[in-house]
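*Asks:* Pasting the sequence and the predicted model now:
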Amino acid sequence: MISHYLSDHAEALLFLSLISMVLFSVTIICIPLIVIRLQDDFFIRDTRTTAPFKSLPLHCFMILLKNVAGFFLLTAGFIMLFIPGQGLLTIVMGLILINFPWKKKLELRLLKLTSLQNALNWIRRKNALKEFKFP
């Protein structure tokens, strides 16, 4: 029965396997890069400001690009909750990039998970950086 199902849906399973491998590969590369660039007090600072670019169109484009990358990571993280990958870590990195009103509250709720804190600090230690300070 299972072999019959697998043979009937071989193309869909191949497609899902390819998506899984691509998402896993992208997050293995992107997540450490984002975590390394964050300052050690990133999660406890009250305000997060980004220096504006000299031209308004470039600044708007960079904000748009950052939000698109955040939505991609958020979507990939959600998918990775069901397939192999670093789902929660990817979701947090996506949330960090996206701009929305109650972002800080949501980040703090997720950061109360000690497994997530340990994963973030493990990446920092591997790159000889200070560990994050959590609220």
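*Replies:* Sure thing, it's come through.

*Asks:* Please make it C-alpha for all contacts and neighbour counts, starting now.
*Replies:* OK.

*Asks:* Now do the same for residue 135: its pLDDT.
*Replies:* Listed pLDDT for residue 135 reads 69.

*Asks:* got it, and residue 65?
*Replies:* Per-residue confidence (pLDDT) for residue 65: 91.

*Asks:* Roughly how far does the nearest residue to residue 129 once chain neighbours are set aside sit from residue 73?
*Replies:* Spatially, and ignoring its direct neighbours in sequence, residue 129 is nearest to residue 36 (7.7 Å; C-alpha to C-alpha, 6 or more residues apart in numbering). Note on residue 36: its distance to residue 73, by C-alpha to C-alpha, to the nearest Å, is 16 Å.

*Asks:* Who has more neighbours out of these two?
*Replies:* Between residue 36 and residue 73, residue 73 has the larger neighbour count (other C-alpha atoms under 10 Å), namely 28 against 19.

*Asks:* Please name the residues that touch residue 127.
*Replies:* Contact analysis of residue 127 by C-alpha atoms under 8 Å, 6 or more residues apart in numbering lists residue 36.

*Asks:* where's it relative to residue 74, distance?
*Replies:* 24 Å.
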